[in-house]
Every structure is written in C-alpha cells, then in structure tokens.
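S.K.: predicted structure and sequence below. I'll ask about it afterward.
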Amino acid sequence: QVQLQESGPGLVKPSQTLSLTCTVSGASGTANTYYWTWFRQSPGLGLQWIGSITYSGSTYYSPPFKTRTSVSGDTSKNQFTLLLDSVSPEDTAVYYCARVGASFEVDYWGKGTLDTVSS
C-alpha cells in the first residue's frame, strides 16, 4: 500500500516562498511510469495541477505555475518537494501530493495540507 504524506509550514507571508514536502512510503522499484505530482484546491477554483516529477527527475509544470514553481526529488529519502515563489493570498489552498499513473489517473493521494498566505 502506497502512502503519501504532505508537510508544510501552515502559514507563509506574501512574497515569500512556500516549501512543501511529500514523503512516500510503500512504493517499490524505480519505474518511470509514475508521475509524482502536486495539486492544490482553493475555494472557487477547484483542483489545480501544479507540477510533476518522475523517478529519473524529469519535471513537468502547469503553465500558470511554470515561472514560479520548482519540483524536485530525493530518492534516498523517498521525498519530493514543491517550491512556489512569490506567493500571494490567492495561493492559500489545500495542497495535495499524489501518484499519477501513465494514463494520467491518480491512484494514491496524500491527505492534504492547508497552507495560508497572510501577513
């Protein structure tokens, strides 16, 4: 059973960088058939895809986030990280990490972490 757990600061000030980490357990192998992915959900906007990384380190970003987002991985720690620069209150959301299969279906979700941008 694959499990994903997000961790984040909970509160960050405007213009700062939001840093979130997803710790993965129960996943085996080094297959690149999965995309380790960040989503977020905020009121009125629904679920948004932010970015993804494969086991080999290839990254993919959603256009609205591309210029201020970085996704990286640490296979030795079974973690992948999201950095979102220059945050504003509009970035307040529940952030989820997930495993996405080759057919772009999500088969495992983390529970989510609420991160608020406020001064």
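M.R.: Received the coordinates, thanks.

S.K.: isn't residue 68 right up against residue 82?
M.R.: No - the pair residue 68 / residue 82 is not scored as a contact, 11.1 Å apart, by Cβ atoms under 8 Å. C-beta: built from backbone N, CA, C; applies to glycine.

S.K.: neighbour count winner among those two?
M.R.: residue 82 (24 against 15; other Cβ atoms under 10 Å).

S.K.: confirm that one sits in a strand?
M.R.: Yes - looking at residue 82 with DSSP: H, G, I helix; E, B strand; the rest coil, it is inside a strand.

S.K.: wait, it touches residue 37, no?
M.R.: No - counting by Cβ under 8 Å, residue 82 stays clear of residue 37, with 9.7 Å between them.

S.K.: which neighbours do these two share?
M.R.: The overlap between the contact sets of residue 82 and residue 37 (Cβ atoms under 8 Å, 6 or more residues apart in numbering) consists of 50, 51, 97.

S.K.: rebuild those residues as CSV, extending it with distance to residue 13 and pLDDT.
M.R.: Formatted as CSV, those follow (distance: Cβ to Cβ, whole Å; pLDDT from 0 to 100):
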residue, distance to residue 13, pLDDT
50, 20, 98
51, 22, 98
97, 23, 98
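
S.K.: just name the closest of these to residue 111, please.
M.R.: Nearest to residue 111 among these is residue 97, at 9.6 Å by Cβ to Cβ.

S.K.: give the contact list for the closest one.
M.R.: 4, 6, 20, 22, 36, 37, 38, 39, 80, 82, 109, 110.

S.K.: inside strands: which ones of these?
M.R.: Residues from these lying in strands, with DSSP state E as the criterion: 4, 6, 20, 22, 36, 37, 38, 39, 80, 82, 109.

S.K.: the last one: neighbouring residues, count only.
M.R.: If I follow you right, that is residue 109. 16.
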